[in-house]
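Participant: Got a predicted structure here, sequence first:
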Amino acid sequence: QVQLVESGGGVVQPGRSLRLSCAASGFTLSTYAMHWVRQAPGKGLEWVAVVSYDGSNQIYTDSVKGRFTISRDNFRNTLYLQMNSLRVEDTALYYCTRGSGGASRYYFDYWGQGTLVTVSS
Amino acid sequence: DIQMTQSPSTLSASAGDRVTITCRASQSISTYLAWYQQKPGKAPKLLIFGASNLESGVPSRFTGSGSGTEFTLTISSLQPDDFATYYCQQYSTYSYTFGQGTKLEIK
């Protein structure tokens, strides 16, 4: 069965960096676009970034452009999110999700359990 | 960016009731609309994609409809397991925006 398992979250000071990982299993990672979606405590869902099936294209929400980098290693079946210059407002539960659909129009059919990032001084 | 607005924000209902949640897009998204259910402490679960296509394993009491800018999610006969928060999401454009959520509470 499809499994997505995030790791790497934690408490970090503003301006510091953190790298999240998502281990994928139960499907062929190299055939799917993958996304990160976040949810601030008690708030709604916010899409963060997408990487194409082969890692050649990435798109970000405006608030993280220039600070976050999404990447993937299809041989290791792993998705990453490098987060630099973290801000208090980046505090959230970060979900790894699989994109289904196609032609850059994706809904999210599988989700991990999330990893919590807390940015605080 | 396309804005998604759900109504109501909170809905109180009883088991066995029929309920409808509305989602409006700020511009036309054709049928590129998904619905998710989220329970406390859990990841969202996909219910419907393409505005009206039921995801495998989702009970048939969930129905989605609409196109363009107005969409609805209907639960025909509420079960105890259905009390949760529901989100719509547009995937017509890269912003992949979600509605703010509708919390379905037990009356």
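Facilitator: That came in fine, so what should we check first?

Participant: Quickly list what the residue nearest the centre of chain A is bridged to.
Facilitator: Chain A has A:Trp36 as the residue nearest its centroid, 2.7 Å off, counting by Cα atoms, centre = their mean. Listed by DSSP bridges, the beta-bridge partners for A:Trp36 are A:Ala49, A:Cys96.

Participant: now it: how far from B:Leu73?
Facilitator: From A:Trp36 across to B:Leu73, the span is 25 Å (Cβ to Cβ, to the nearest Å). In this view, the C-beta of every residue, glycine as well, is placed from N, C-alpha and C.

Participant: and chain B, which of its residues are near chain A?
Facilitator: By the rule Cβ under 8 Å from any Cβ of the partner chain, the part of chain B lying against chain A is B:32, B:34, B:36, B:38, B:43-46, B:49, B:55, B:87, B:89, B:91-92, B:94-101.

Participant: what number of residues lie near the nearest residue to A:Gln1 once chain neighbours are set aside?
Facilitator: Take A:Gln1 and drop its neighbours on the chain: the residue closest to it by Cβ to Cβ, 6 or more residues apart in numbering or on different chains is A:Gly26, 5.0 Å away. If you count neighbours by other Cβ atoms under 10 Å in any protein chain shown, A:Gly26 ends up with 11.

Participant: Quick check, A:Gly26 in contact with A:Val5.
Facilitator: No: using Cβ atoms under 8 Å, A:Gly26 is not in contact with A:Val5, being 10.8 Å away.

Participant: Need phi/psi at residue 39.
Facilitator: Chain wasn't specified; assuming chain A. Main-chain torsions, A:Gln39, degrees, to the nearest 10: phi -140, psi 110.

Participant: Within the helices and strands, which one has the closest residue in space to it that isn't next to it in sequence?
Facilitator: Computed as Cβ to Cβ, 6+ apart, the closest residue to A:Gln39 that is not its neighbour in sequence is A:Leu93, at 4.9 Å. Element membership of A:Leu93, judged by DSSP states H and E, is strand A:92-102.

Participant: Who are the packing partners of that strand?
Facilitator: Using 3 or more Cβ pairs under 8 Å, 6 or more residues apart in numbering or on different chains; DSSP states H and E, the elements in contact with strand A:92-102 are strand A:3-7, strand A:18-25, strand A:34-39, strand A:45-51, strand A:105-111, strand A:115-119.

Participant: List the contacts of the nearest residue to A:Tyr32 once chain neighbours are set aside.
Facilitator: Distances taken as Cβ to Cβ, 6+ apart place A:Arg98 nearest to A:Tyr32, at 5.3 Å, with adjacent residues excluded. By Cβ atoms under 8 Å, 6 or more residues apart in numbering or on different chains, the contact set of A:Arg98 is A:Val2, A:Leu4, A:Ala24, A:Phe27, A:Tyr32, A:Met34, A:His35, A:Phe108, A:Asp109, A:Tyr110, A:Trp111.

Participant: In TSV, list the helices and strands packed on strand A:92-102 along with mean pLDDT.
Facilitator: Formatted as TSV, these follow (pLDDT from 0 to 100):
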stretch	mean pLDDT
strand A:3-7	98
strand A:18-25	98
strand A:34-39	98
strand A:45-51	97
strand A:105-111	95
strand A:115-119	98
